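Asker: next input, structure requested:
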Amino acid sequence: MSSGWSPLVSSSSADPEENDFYLDRELDVLERAVRELGEMRRRELGRLVGCRSWGPGRFGRALRAGVKQGRLSRPRRGVYGPPG
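Answerer: Numbers count the residues shown, from 1 in each chain. I've put the predicted structure just below:
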């Protein structure tokens, strides 16, 4: 069977500990950016932290995790800021 295009996202074989390490590092970068510069739109924040080099889906995952963990706030749609 040949490999080809699939409409489904393939699962990663990466180590869960490795994923946690990178997520924590990404959260540190996001948290530092909003603490230093305040609220900003998602696109601006992504550009500032260089999220395009993180890999597919990682930026959104990090934003959701940051809000869930209380490390970031989401005062309104598409805007992120420091907690509290």
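Asker: can you name the next helix or strand after the longest helix along the chain?
Answerer: Taking DSSP state H as the criterion, the chain has its longest helix at helix 16-37. Next in sequence after helix 16-37, counting helices and strands by DSSP states H and E, comes strand 40-41.
Asker: how about the helix or strand that that next one is followed by: buried residues?
Answerer: Moving toward the C-terminus from strand 40-41, the next helix or strand (DSSP H and E) is helix 42-49. The neighbour-count check on helix 42-49 (16 or more other C-beta atoms under 10 Å) flags 42, 45-46, 49 as buried. Yep, even glycine has a C-beta here, placed from its N, CA and C like the rest.
Asker: what's the pLDDT at G84?
Answerer: G84 is assigned 85 on the pLDDT scale.
Asker: what's the local residue count around it?
Answerer: Close neighbours of G84, defined as other C-beta atoms under 10 Å, add up to 5.
Asker: show me the beta-bridge partners of the nearest residue to it once chain neighbours are set aside.
Answerer: Spatial nearest neighbour of G84, excluding adjacent residues (C-beta to C-beta, 6 or more residues apart in numbering): S73 at 6.9 Å. On the basis of DSSP bridges, S73 is bridged to G81.
Asker: S73: what's it in contact with?
Answerer: By C-beta atoms under 8 Å, 6 or more residues apart in numbering, the contact set of S73 is 67, 80-84.
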